[in-house]
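**Q** below is the sequence, then the predicted model.
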Amino acid sequence: MTSSFAVFEILIIIGISQGLVTSVLLLTSKENQQRKKILGITILVFCIANCRVLLHSSGLWNDPSFRYFPVGMELFLPPLVYLYVLSLTKTQFAFKKYYCWHFVPGLFYAVYDISLYLLTIGEESMQAKRLIANQLYFDESNLIEDYLIFVLTIVYVAIGYQKVIAYFSWLKQFKQYKAFPIYRWLKSLIFWSTILG
């Protein structure tokens with residue numbers, strides 16, 4: 001199957017490429033700051049999640065080899081953005097083991113998507129792939145995942161917003177706090193997290 005990309009797909013590919021380069025730079029930075037590592041992982045997950053958009057908009061989803069390709073990482077984004085906000089607003093932030101619980105829903109769906117892909121990869125016809133997907137409740141699972149993404153985005157934006165507001169009230173002790181890059185960056189981060197959610 002030959003596929004030609006429209007302007008929209010080319011823009012997504014450029015965005016994904018830039019995101020991957022930025023992610024690698026952040027993750028391999030010599031400064032061992034956890035906030036950079038969290039931001040690098042967040043950007044990487046966002047790039048992988050955008051591959052789903054690319055698969056559907058370019059028609060590659062209709063190609064048997066790309067059908068059910070496991071790129072659904074959206075459930076990881078709300079907790080990652082929240083942890084990034086924590087790393088910016090909490091003094092001496094350190095990643096704790098209990099933070100891993102935030103990633104259980106995303107991990108569950110990632111394992112499900114990978115399993116489904118591995119079970120269908122040997123099938124050549126779309127009908128056989130669809131039959132396996134139906135037996136594993138793919139459509140119902142996707143619907144539940146969409147609702148979870150929506151709910152978790154609202155929850156994490158709300159609790160992240162509380163952390164940012166508390167941080168801003170602490171910042172107010174400085175006269176020019178609105179000119180601080182961290183102030184502007186956190187405002188933008190909350191705004192864009194809400195929009196993307």
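**A** Ah, there it is.
**Q** buried sites along the longest helix along the chain?
**A** When the chain is parsed with DSSP state H, its longest helix is helix 138-171. Using 16 or more other CB atoms under 10 Å as the test for burial, helix 138-171 gives 138, 141, 145, 148-149, 152-153, 156-157, 160, 163-164, 167-168, 171. Any C-beta I mention is one placed from the backbone N, CA and C, and that applies to glycine too.
**Q** point out where this protein drops to low pLDDT.
**A** Scanning the chain for pLDDT under 70 picks out 1-5, 32, 175-180, 196-197.
**Q** against L118, how distant is the residue nearest the centre of it?
**A** A centroid search over the chain (CA atoms, centre = their mean) returns L77, at 3.4 Å, as the residue closest to the centre. For L77, the distance to L118 (CB to CB, to the nearest Å) stands at 24 Å.
**Q** again, but for I48
**A** Counting by CB to CB - I48 and L118 are separated by 17 Å.
**Q** can you count the residues close to L26?
**A** Counted by other CB atoms under 10 Å, the residues lying close to L26 total 20.
**Q** ok, it touching I43?
**A** Yes. Applying CB atoms under 8 Å as the test, L26 and I43 come out as touching, 7.0 Å apart.
**Q** need the overlap of contacts for those two.
**A** Contact criterion CB atoms under 8 Å, 6 or more residues apart in numbering; residues shared by L26 and I43: none found.
**Q** got a list of what E123 touches?
**A** Taking CB under 8 Å, 6+ apart as the test, what E123 contacts is P64, K129, I132.
**Q** phi, psi of F93?
**A** The phi/psi pair for F93 (degrees, to the nearest 10) reads phi -60, psi 140.
**Q** would you list the phi and psi of G72?
**A** Given degrees, to the nearest 10, the pair of backbone angles that G72 has is phi -80, psi 90.
**Q** please name the nearest non-neighbouring residue to it.
**A** D113 (5.2 Å; CB to CB, 6 or more residues apart in numbering).
**Q** which element is that neighbour on?
**A** Using DSSP states H and E, D113 maps to helix 104-120.
**Q** give me the buried positions along that helix.
**A** P105, G106, Y109, A110, Y112, D113, L116, Y117, T120.
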